[in-house]
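S.K.: got a predicted structure here, sequence first:
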Amino acid sequence: MTMHKAPSELGEIRARAVDFGMDREEIPRFWFAGKPVPTHVANALHLIFPMGERFFVRSVRHYMDQVDDPALREQIKGFFGQEGRHAHEHERAFVMLEAQGYEIRPFLALYKKVAYDWIERHSPPALRLAATAALEHYTAIMAEGALEHDTLAPVHPKMRALLQWHAAEEIEHKAVAFDVLQKVRPGYALRIAGMAVATLTLIGFWVVGATMLIRQEKGLSQLEVLRQLRQMGQKEPIVRRVFLRGLREYLRPDFHPWQRDNLAVARRTLDAMREAAA
């Protein structure tokens with residue numbers, strides 16, 4: 001397999017100190033374009049990200065002692081730090097959702113039981129790492145779309161800042177889990193098995209989480225839900241832009257995350273956020 005390297009501009013992967021005040025600031029109930037459906041499609045990610053990020057860390061940490069490349073070991077440490085902060089900040093949105101009257105704990109309990117108490121526990125470490133690498137590919141594609149296609153323009157400023165920060169750091173560390181996988185378990189069949197698990201679980205829990213939230217909106221008709229979903233599909237075609245592209249790229253035998261160098265958009269975003277906060 002052809003070896004690929006991160007852009008020389010990447011440098012150190014580091015966790016940034018942030019505080020978006022998600023559990024203190026007044027965030028509108030419908031913070032995405034003033035509409036319930038796109039808001040809850042995004043809120044579902046708030047619910048699945050924290051446990052997911054910690055799963056990523058566990059999956060990579062399992063193989064830490066088999067990584068003898070000093071540069072990759074440093075990237076892994078930065079990956080751990082960034083993912084830990086992402087989990088913490090998204091978890092603070094739980095307070096916001098509950099203050100707005102949403103019942104989220106049953107979904108979180110089900111998600112934990114199925115995804116982590118059962119699937120993770122009964123999956124071999126190599127498959128968990130392969131699924132992590134594939135999920136990191138999906139999140140990097142979503143991150144690029146959010147930053148390059150102005151997807152977050154209609155989002156409340158506080159929430160937009162959180163999502164922009166998360167997206168930029170996802171791009172920075174998008175290849176870490178993949179590089180560990182290639183180092184310790186480089187087989188193509190395993191990589192594709194991980195993609196299958198990643199695709200099914202991400203779509204499944206995302207749909208269930210969003211549906212759970214949407215169903216709690218009294219007076220929201222199925223017709224209106226379908227209308228808003230159709231509008232979302234026209235503006236942000238998630239299936240085509242994220243899942244179909246993700247599969248198409250990942251199935252290439254010579255795939256590597258940094259074949260698509262989108263570091264510049266991440267760094268521009270972080271620089272703009274730093275200047276705005278100064």
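M.R.: Received, thanks. Residues are numbered from 1 along each chain as shown.

S.K.: what sits closest to residue 210 if chain neighbours are left out?
M.R.: residue 44 (4.0 Å; Cβ to Cβ, 6 or more residues apart in numbering). Bear in mind the C-beta positions are built from the backbone N, C-alpha and C, glycine included.

S.K.: and that neighbour, which of the three is it?
M.R.: helix (DSSP: H, G, I helix; E, B strand; the rest coil).

S.K.: return the residues in contact with it.
M.R.: Residues counted as contacts of residue 44 (Cβ atoms under 8 Å, 6 or more residues apart in numbering) are 205-207, 209-210, 212-213.

S.K.: let's see which of the residues you listed end up in strands.
M.R.: For those, not one is inside strands, with DSSP state E as the criterion.

S.K.: could I have the buried ones of these as ChimeraX selection syntax?
M.R.: Listed next is the ChimeraX selection for buried residues among the contacts of residue 44, using 16 or more other Cβ atoms under 10 Å:
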select :205,206,209,210,212,213
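
S.K.: dump the contacts of residue 44 into CSV; add pLDDT and distance to residue 232 as well.
M.R.: Formatted as CSV, the contacts of residue 44 follow (pLDDT from 0 to 100; distance: Cβ to Cβ, whole Å):
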residue, pLDDT, distance to residue 232
205, 98, 18
206, 96, 13
207, 96, 13
209, 98, 16
210, 97, 11
212, 98, 18
213, 98, 15
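
S.K.: residue 256: which of the contacts of residue 44 is nearest?
M.R.: residue 206 (25.8 Å; Cβ to Cβ).

S.K.: what stretches of the stretch 151-278 of the chain score poorly on pLDDT?
M.R.: Regions of the stretch 151-278 of the chain meeting the criterion pLDDT under 70 cover residues 236-242, 278.

S.K.: could you pull out the helices for it?
M.R.: In the stretch 151-278 of the chain, the segments counted as helices under DSSP state H, counting those that start in this stretch are 157-172, 176-184, 188-214, 222-235, 238, 245-250, 263-277.

S.K.: quick check: the gap between the residue nearest to residue 210 and residue 277.
M.R.: Noted for residue 44: a distance of 28 Å to residue 277, by Cβ to Cβ, to the nearest Å.
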